[in-house]
Structure formats: structure tokens, C-alpha cells
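Novice: kindly generate the corresponding structure for this input.
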Amino acid sequence: MKGRRENVNFRSGDIKILHKIYASESGATSAIFIGDYLVIVSYSKSNVAKYSLDGKLEQLLTVEKYPRDIAQVDQTQVAIAIYNRNKIVFVDIAEMRLFRTLDLSGIPEYGLCCVEGNTFIISHGSTLTWVNSSGMQLKQKSIEGESYYVSTSDMKDCIYGDGDNSVSSVEGYTTKFTYTNTQLISPRGIGIDFEGNIYIAGFGSKNIHQITNDGKLIRIIPIGTFGLQSPWTIHFAPNSNKFVVTCSASGKVGLCEMN
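Specialist: Now for the predicted structure:
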């Protein structure tokens, strides 16, 4: 992944749209960077797609209905949460092939986050669940709701929607902070840049809230900045100023850069 670390002002820098990708005609998508590719799952098309960083479609693979979220496991492997079917499917992005399915009996899922390649944090409604690579439940945490997606910054903590206007960051069983803002409505995806700044997709408020790693507001970015309608997920490429924002309904994906 090529990107700039030097001379990037994450706290007030301009945002440039590099490419706009039409991953589907409608429906929410989730997207992450894997190596030199952008990988997108489409809920309405039930597929995973690999794009080059200039926005060109490379390969498609059909998966089960309905994929909701995608997480990186290692350099070529991704895990995909299959909504309402209590399972995670694993895809090798280099070969674009499905090679494993993990059944999660009795564990509802929506969002998915991978910790150190062998533990998964699953978000759904008012519950976070930690499972190992065999699907065994390790622990569970009840929250205030809106936990559609979950993110992690340093493999020790996790950040999640914690009510209609809030997100919380916890480490173990300790809450590090709760960020609440009336201009944040229905938090969804949460992204983290390489400086540790946190980006919250406000689905209902149609904006992105950028906060510090201790929960202080930096700025609120209107979703129109990205040429999208309602933000759904946001992810940064590792060690890069490139990031991706997806839309809740249009199927559009914005590949962007912070300057």
C-alpha cells in the first residue's frame, strides 16, 4: 500500500476524492484495504469484489446472503460476517476463493473486527461478543445499542456505537471514554488513522465526526465532502493517508486521501 506519512495534517487537512466506485446499484457496502487492493462486500449483491487502487474492478466472488462486514485476518485472508445466518466466511483475496466457514451457533452478528488474526469481536444491536478462531464464545458485553460496527486501535481496546448519539472506547472491562454529541445521530462505521485519530460515520446526521484517541472532538466533516448521501463504514489503509468511505444505500464507495 503506497501512501504518505510525512506532511499529512490529519486534524485539519483537506480531503481529496481519488475515485468513486459504484460497487452496487443499491444497498450498504463495507470496504477495507488488503495490500494494494480495495476489497468491498455488497449486501444487495452478496459478493466480495477486489478493486485496484485506481478504482478498476479486478475480480468478483459470490458469497452467501447477506454479507454485512469485512475484516482483515492476515496479509491475504479476510473474514466476512454473514448477517442473520450466524456464520463467518473466510476468503483468500489473492486467489479470490472461499476456503472456510465458521459457524456461530446462537451468536447474532452484524459488524466484525479481527484481533491479532485469531479473535473476533462481533457487534449486533446492544451486544458485543468475543469469539476465538474456532467459534467459541470468550466473553460478551451488553451496551446501550447502535453497535452496528466495531473497531480496534491497538488490539487491547475496542470502539463501538453506544447509543444513538454516542460511541465508547473500552479496554478490557474499563471504559476509556464515551463521546456524545447531538450532532452525531446513529453512529455506524468507525475508522482509525495511523496517528490514532478516530472517525465515526454518523448515518442519521450525515457526517463524519473526527475525534482524538481520548474522545475529544477535532472536527465534524459533512458527508457531501465525500460525494455520498449517508455514511456507513470508514477504514484507513495501514500506515497511509488513504481511506475509504461507503454509503448506506447507494452502493457508492469513495476512495479518498487526506492531505
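
Novice: so where's the stretch 1-150 of the chain shaky on pLDDT?
Specialist: Counting by pLDDT under 70, the stretch 1-150 of the chain has low-confidence residues at 1-6.

Novice: in the sheet, who's paired with the residue nearest to residue 146 when sequence neighbours are not counted?
Specialist: Leaving aside its sequence neighbours, residue 146 sits nearest to residue 161 (C-beta to C-beta, 6 or more residues apart in numbering; 3.5 Å). Any C-beta I mention is one placed from the backbone N, CA and C, and that applies to glycine too. As for beta bridges, residue 161 partners with residue 167 under DSSP bridges.

Novice: just to check, residue 127 is in contact with residue 109?
Specialist: No - taking C-beta atoms under 8 Å as the contact criterion, residue 127 and residue 109 are not neighbours in contact, 9.7 Å apart.

Novice: those two - which one has more neighbours?
Specialist: More crowded of residue 127 and residue 109, by other C-beta atoms under 10 Å: residue 109, with 23 against 17.

Novice: the more buried one touches residue 83, doesn't it?
Specialist: Yes - with contact defined as C-beta under 8 Å, residue 109 reaches residue 83; the gap is 6.9 Å.

Novice: mutual contacts of the two, please.
Specialist: Counting by C-beta atoms under 8 Å, 6 or more residues apart in numbering, the shared contacts of residue 109 and residue 83 are residue 68.

Novice: and stretch 236-255, what's buried?
Specialist: Neighbour counts using 16 or more other C-beta atoms under 10 Å place 236-237, 240-248, 250-255 of stretch 236-255 among the buried residues.

Novice: start and end of it, how far apart?
Specialist: When the termini of stretch 236-255 are compared using C-alpha to C-alpha, to the nearest Å, they are 10 Å apart.

Novice: what's the mean pLDDT across that stretch?
Specialist: In this model, stretch 236-255 has an average pLDDT of 94.

Novice: quick one: that stretch to chain centroid distance?
Specialist: Stretch 236-255 sits 9 Å away from the centroid of its parent chain (C-alpha atoms, centre = their mean, to the nearest Å).

Novice: how about stretch 40-58?
Specialist: In this view, stretch 40-58 has its centroid 15 Å away from the chain centroid, taken as C-alpha atoms, centre = their mean.

Novice: and that stretch, how far apart are its ends?
Specialist: Using C-alpha to C-alpha, the span of stretch 40-58 from its first residue to its last is 11 Å.

Novice: same question for stretch 197-209.
Specialist: Terminal residues of stretch 197-209 lie 10 Å apart, using C-alpha to C-alpha.

Novice: surely residue 38 meets residue 53?
Specialist: Yes - with contact defined as C-beta under 8 Å, residue 38 and residue 53 form a contacting pair (6.3 Å).

Novice: neighbours of the residue nearest to residue 146, how many?
Specialist: Taking other C-beta under 10 Å as the criterion, the count of residues near residue 161 is 30.

Novice: now do the same for residue 154: its pLDDT.
Specialist: Here, the pLDDT recorded for residue 154 equals 64.

Novice: ditto for residue 193
Specialist: Looking at residue 193, its pLDDT stands at 94.

Novice: thinking again about what came up before, with neighbour numbers in mind, choose between residue 38 and residue 53.
Specialist: More neighbours surround residue 38 than the other of residue 38 and residue 53, with 27 against 18 (other C-beta under 10 Å).
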